[in-house]
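how would this look folded up:
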Amino acid sequence: MPKLTINGVEIEVEPGTSILQAAEEIGVEIPRFCYHDRLTVPANCRMCLVDLEGAPKPVASCAMACGDGMVVHTESPRAKKARQGVMEFLLINHPLDCPICDQGGECDLQDQAVAYGYDRSRYHETKRSVKDKELGPLVETVMTRCINCTRCVRFAEEIAGVDDIGQLHRGEDAEITTFIEKSIDSELSGNLVDVCPVGALTNKPYAYKARPWELKKTQSIDVHDAVGSNIRIDARGREVMRVMPRLNEAVNEEWIADKTRYALDGLAAGRLDRPYIRNGRTKKLEEASWSEALALAAKKIKAADAKSIAALVGDLADVEAVTALKDLMAKLGVPNMDCRVDGALYPTDNRAAYLFNTTIEGLEQADSIVLIGTNPRTEAAMINARIRKTWLAKRVKVAVLGEACDLNYPYTHLADNADGFAAADKFLKGSKSPVIIVGNAVYKRSDLSAVMAEVEKLCDKHKVVRKDWNGFNALHTAAGRVGALEIGFVPQKGGMDIAKIVKASADDKLDVIYLMGVDDADVISGLGKKTFKIYQGHHGDLGASHADIIFPAAAYSEKDASYMNTEGRLQRAHKAVSAPGEAKEDWAIIRALSDALDCALPYNDLYELRKSIRDNYAAMPQLDEITAAEWSGLGGKGKLTKAKFTADVDNFYMTNVICRASAVMRACSDAFVSGESNKLAAE
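Coordinates of the predicted model:
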């Protein structure tokens with residue numbers, strides 16, 4: 001391995017390591033604009049010039065591989081003069097609009113101009129201007145600021161997998177633009193704002209709303225899909241101003257999906273901020289006090305037989321809330337409960353059958369991937385980006401058993417129905433680290449058992465699961481689903497599942513149903529009129545509109561809560577802002593209801609509740625860890641049908657109550673999704 005000396009410090013590095021990377025290892029900072037750890041190296045900004053002994057001129061450290069015996073100086077007079085010259089050139093045409101630039105305070109150019117630049121300019125001619133580009137409802141452009149570092153171009157092509165933007169012309173005429181006037185159609189387009197070092201690309205919905213030093217920053221977890229992307233919520237007062245990615249190499253690296261970043265305006269729209277009770281005479285919902293709402297709910301529950309009561313939890317429910325509701329139902333003797341409100345019948349007695357066992361990071365070890373009934377681009381954009389990363393690195397083979405779709409990487413289309421299992425068998429032949437990903441929609445099929453039998457045959461024949469490798473993965477779409485399955489919020493002994501609960505209500509055999517964040521159209525529309533409906537949630541969506549009692553709850557940004565992602569990783573969200581009005585945290589509402597029911601739950605604060613979870617659920621992992629599931633097969637038998645395998649999400653921008661309340665997400669849906677999908681979302 002080559003040994004070199006940087007600023008008098010000797011270091012030994014791996015072959016192929018650049019001087020810039022070697023300098024970082026010993027804590028030496030080298031300025032850069034075009035270089036990015038996760039993108040290819042173009043070496044076109046020249047800001048990272050260093051003085052290499054024996055070289056006739058300063059060299060670009062990002063593109064120069066370390067050689068044995070090299071002696072590098074990063075602070076020599078020649079290196080400093082070179083950087084000052086580069087900075088002077090960069091600022092020749094840059095507008096002096098820092099006071100109105102949204103990047104102000106977080107701008108790499110601003111910081112490096114102060115640290116490495118020159119305090120005057122010799123350029124007095126008119127600065128050039130570049131026409132702004134229309135990139136859609138999410139990304140604002142001020143192209144006069146652009147320094148042609150091409151980070152955005154490389155991100156779009158390499159990470160997002162779209163070739164909508166590029167660099168045209170040469171010299172002074174060079175500019176970043178779309179080849180054809182169009183918006184950037186990518187679920188990851190918001191990351192362009194993060195990679196831009198100069199404010200040429202900024203967050204359009206956030207523009208001119210706040211300055212970075214005004215914001216309180218809170219670490220949290222995204223709930224818009226089951227990936228569990230690590231995020232930072234920036235808030236001013238009681239308003240969430242923006243959402244940013246937070247580094248987690250095992251989950252989302254340093255990227256987030258557009259829905260995660262831009263649906264935040266939905267947190268303030270259509271909120272439930274006080275309890276409501278439906279007037280029996282007028283049939284209208286009327287404001288009530290907490291004591292009135294809790295007393296009425298307790299009266300209805302006490303009057304009903306335990307077997308005629310049911311409880312359901314929705315897609316955004318946190319682990320603490322699910323635990324509290326299950327404990328309350330257990331005290332009441334209610335066996336009818338389910339978290340699979342969309343009808344996806346995940347097995348309840350086999351952890352390996354409902355987890356993403358390979359793990360998200362583990363996908364990079366795969367040499368072949370079969371996608372069954374899923375479109376990860378819309379269902380889990382960060383997992384799709386990880387698959388693309390693996391394809392770029394080693395051209396992993398990918399096959400799709402289901403609808404043909406644009407995944408931003410090449411794949412083999414096996415078939416759109418069960419006839420494709422034979423082709424999948426041939427596709428996996430010879431694979432050493434095969435991966436099978438089964439989508440959420442597969443678990444809703446009438447022939448689910450037969451499909452799982454076929455998948456298990458593939459697993460057995462091609463050693464998809466063995467001691468050192470588990471390539472079977474269930475891809476969830478709901479942030480709260482895996483946590484609820486781990487807690488066991490499923491039918492208890494003698495209890496009804498989601499389908500039977502809805503049917504019992506439709507047949508007027510269910511007296512009371514408790515809906516915690518349940519807004520699924522099929523569930524709500526299927527409930528009978530005689531069933532008393534208690535809804536607990538944070539948005540006035542479908543569930544609230546049909547409720548007899550409404551308990552206003554806090555959204556994910558307004559509470560300390562735990563979520564378990566599709567791979568079984570337990571992560572913690574933290575409270576960034578206060579809930580509106582009289583809304584309370586979900587577990588606290590259930591705890592208050594238990595008092596009204598004269599069966600108080602054995603915890604009075606969040607600490608005691610979390611201790612109860614640790615004591616009662618041994619398989620619950622530590623924070624940011626995964627407890628591997630023991631493989632016991634998938635089971636199943638039956639006859640396959642000719643039904644097509646379809647994806648679970650057809651409109652990426654309209655998947656939950658927060659998105660549906662978001663004006664930005666509606667604009668994206670109008671811009672990027674077909675009119676038919678928009679009609680379905682509106683309904």
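
check which helix or strand covers residue 551.
Using DSSP states H and E, residue 551 sits in strand 549-552.

Show me how far the longest helix along the chain is from its chain's centre.
As assigned by DSSP state H, the longest helix anywhere in the chain is helix 77-92. Remark: helix 77-92 is offset 40 Å from the chain centroid, using Cα atoms, centre = their mean, to the nearest Å.

One more: stretch 310-318?
A distance of 19 Å separates the centroid of the chain from that of stretch 310-318, by Cα atoms, centre = their mean.

and if you look at stretch 539-556?
Centroid separation for stretch 539-556 versus its chain: 24 Å, with Cα atoms, centre = their mean.

quick revisit: parallel or antiparallel, which strands does the strand holding residue 551 pair with?
If you go by DSSP bridges, strand 549-552 pairs up with strand 276-278 (antiparallel), strand 532-537 (parallel).

right, so those strands: which one is the most enclosed?
The highest mean neighbour count among those, using mean count of other Cβ atoms under 10 Å, belongs to strand 532-537: a mean of 25. To be clear about C-beta, it is placed using only N, CA and C from the backbone, and glycine gets the same treatment.

average pLDDT across that strand?
Across strand 532-537, the average pLDDT comes to 98.

Flag the shaky bits of this protein, pLDDT-wise.
674-683 (pLDDT under 70).

Run through the neighbouring helices and strands of the longest helix of the chain.
Here helix 77-92 touches strand 49-52, helix 108-116, going by 3 or more Cβ pairs under 8 Å, 6 or more residues apart in numbering; DSSP states H and E.

burial measure for the residue lying closest to residue 556 once chain neighbours are set aside, as a count.
Leaving aside its sequence neighbours, residue 556 sits nearest to residue 223 (Cβ to Cβ, 6 or more residues apart in numbering; 4.7 Å). Using other Cβ atoms under 10 Å, residue 223 has 26 other residues around it.

Report the separation between residue 223 and residue 561.
Applying Cβ to Cβ, to the nearest Å, the value for residue 223 to residue 561 is 9 Å.

Next, show the common contact partners of those two.
Common neighbours of residue 223 and residue 561 are listed as residue 573 (criterion: Cβ atoms under 8 Å, 6 or more residues apart in numbering).

if we can go back for a sec, may I see the strands paired with strand 549-552 arranged in TSV, with distance to residue 70 as well?
Conversion of the strands paired with strand 549-552 to TSV gives the following (distance: least, Cβ to Cβ, whole Å):
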stretch	distance to residue 70
strand 276-278	72
strand 532-537	62
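
Can you give me the buried ones in stretch 445-454?
445, 447-454 (16 or more other Cβ atoms under 10 Å).

next one: stretch 163-183
164-165, 167, 175-178, 183.

So which of those residues are in strands?
165, 167, 175-178 (DSSP state E).

What is the nearest of the residues you listed to residue 604?
Distances from residue 604 to these, taken as Cβ to Cβ, are shortest for residue 165 (54.7 Å).

what's across from that closest one in the sheet?
With DSSP bridges as the rule, residue 165 is bridged to residue 178.

Mind listing what's buried along stretch 491-507?
Under 16+ other Cβ under 10 Å, the buried positions of stretch 491-507 are 491-492, 495-498, 500-502, 504-506.

do stretch 262-271 as well
By 16+ other Cβ under 10 Å, the buried positions in stretch 262-271 come out as 262-267, 270-271.

Including secondary structure and distance to residue 215, could these go into JSON lines?
JSON lines is the format used below for those (DSSP: H, G, I helix; E, B strand; the rest coil; distance: Cβ to Cβ, whole Å):
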{"residue": "262", "secondary structure": "helix", "distance to residue 215": "17"}
{"residue": "263", "secondary structure": "helix", "distance to residue 215": "18"}
{"residue": "264", "secondary structure": "helix", "distance to residue 215": "13"}
{"residue": "265", "secondary structure": "helix", "distance to residue 215": "16"}
{"residue": "266", "secondary structure": "helix", "distance to residue 215": "19"}
{"residue": "267", "secondary structure": "helix", "distance to residue 215": "15"}
{"residue": "270", "secondary structure": "coil", "distance to residue 215": "24"}
{"residue": "271", "secondary structure": "strand", "distance to residue 215": "21"}
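
quick one: which of those residues is nearest residue 617?
Distances from residue 617 to the buried residues of stretch 262-271, taken by Cβ to Cβ, are shortest for residue 267, at 29.8 Å.

hmm, back to that, report the buried residues of the longest helix of the chain.
79-80, 82-83, 86-88, 90-91.

Tell me the one of these nearest residue 15?
Using Cβ to Cβ, the buried residues of helix 77-92 come closest to residue 15 at residue 79, 24.7 Å.

Can you name the residues bridging to the closest residue to that closest one other than its chain neighbours?
Computed as Cβ to Cβ, 6+ apart, the closest residue to residue 79 that is not its neighbour in sequence is residue 51, at 4.3 Å. Beta-bridge pairing for residue 51 (DSSP bridges): residue 73.

the strands in the stretch 351-500 of the chain, which residues?
With strands called from DSSP state E, counting those that start in this stretch, the stretch 351-500 of the chain shows them at 368-372, 397-401, 412-415, 434-439, 465-466, 469-470, 472-475.

can you give me the helices in the stretch 101-250 of the chain?
108-116, 151-154, 191-195 (DSSP state H, counting those that start in this stretch).

can you list the ones you listed in JSON lines and add distance to residue 207 and mean neighbour count?
Output for the helices of the stretch 101-250 of the chain, formatted as JSON lines (distance: least, Cβ to Cβ, whole Å; neighbours: other Cβ atoms under 10 Å):
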{"stretch": "helix 108-116", "distance to residue 207": "18", "mean neighbour count": "17"}
{"stretch": "helix 151-154", "distance to residue 207": "17", "mean neighbour count": "23"}
{"stretch": "helix 191-195", "distance to residue 207": "11", "mean neighbour count": "23"}
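
Output those helices in TSV; the columns should cover distance to residue 565.
Shown next, in TSV, are these (distance: least, Cβ to Cβ, whole Å):
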stretch	distance to residue 565
helix 108-116	31
helix 151-154	28
helix 191-195	20
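
from the buried residues of stretch 491-507, which is closest to residue 591?
Out of the buried residues of stretch 491-507, the member with the shortest distance to residue 591 (by Cβ to Cβ) is residue 492, at 20.7 Å.
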